[in-house]
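[1] Next input, structure requested:
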Amino acid sequence: MAHESTLDATLLGLLACPQDKGPLQLVRTEAGASVLYNPRLRRAYPIDNGIPVLLIDEARDVTDAEHEFFLAES
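    Below you'll find the predicted structure:
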């Protein structure tokens, strides 16, 4: 099973937020899971079994604390 953090750099460079079409950052949550993060909208997209789920309805808003954590991690 592929781990989320092994997303190919080329693939990561091609992925864009479906909402604002901007780039996403691969970050780890405090719980250790990887997500694709849009710091402009403060939205996190899940990665399910190594597959990015880039559906607006599946994204979640992040708290101020999470936002600061993600920025420090990237």
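
[2] Next, the contact list for Leu7, please.
    Leu7 is in contact with 26, 34, 47, 50, 52, counting by Cβ atoms under 8 Å, 6 or more residues apart in numbering. Backbone N, C-alpha and C define where each C-beta goes, glycine included.

[3] Please enumerate the helices of this protein.
    Assigned by DSSP state H, the helices in the chain fall at 9-14, 64-73.

[4] can I get these in a markdown table with mean neighbour count, distance to Lys21 and mean pLDDT?
    Shown next, in a markdown table, are the helices of the chain (neighbours: other Cβ atoms under 10 Å; distance: least, Cβ to Cβ, whole Å; pLDDT from 0 to 100):
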| stretch | mean neighbour count | distance to Lys21 | mean pLDDT |
| --- | --- | --- | --- |
| helix 9-14 | 10 | 12 | 87 |
| helix 64-73 | 13 | 20 | 94 |
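
[5] circling back: now, the most widely separated pair of the contacts of Leu7?
    Leu26 and Gly50 (11.7 Å; Cβ to Cβ).

[6] The residue most central in space within the chain and Ile56, how far apart?
    Geometric centre of the chain, nearest residue: Leu36, 0.9 Å, by Cα atoms, centre = their mean. Computed as Cβ to Cβ, to the nearest Å, the Leu36 to Ile56 distance reads 13 Å.

[7] show me the residues around the residue nearest to the centre of the chain that make contact.
    Contacts of Leu36 by Cβ under 8 Å, 6+ apart are 15, 24-27, 44-45, 47, 52, 54.

[8] Mind doing that once more with 6 Å?
    Going by Cβ atoms under 6 Å, 6 or more residues apart in numbering, Leu36 touches 24, 45, 52.

[9] so how far is Gly13 from Val62?
    Using Cβ to Cβ, one gets 22 Å for the distance from Val62 to Gly13.

[10] Ala65 too?
    For Ala65, the distance to Gly13 equals 28 Å [Cβ to Cβ].
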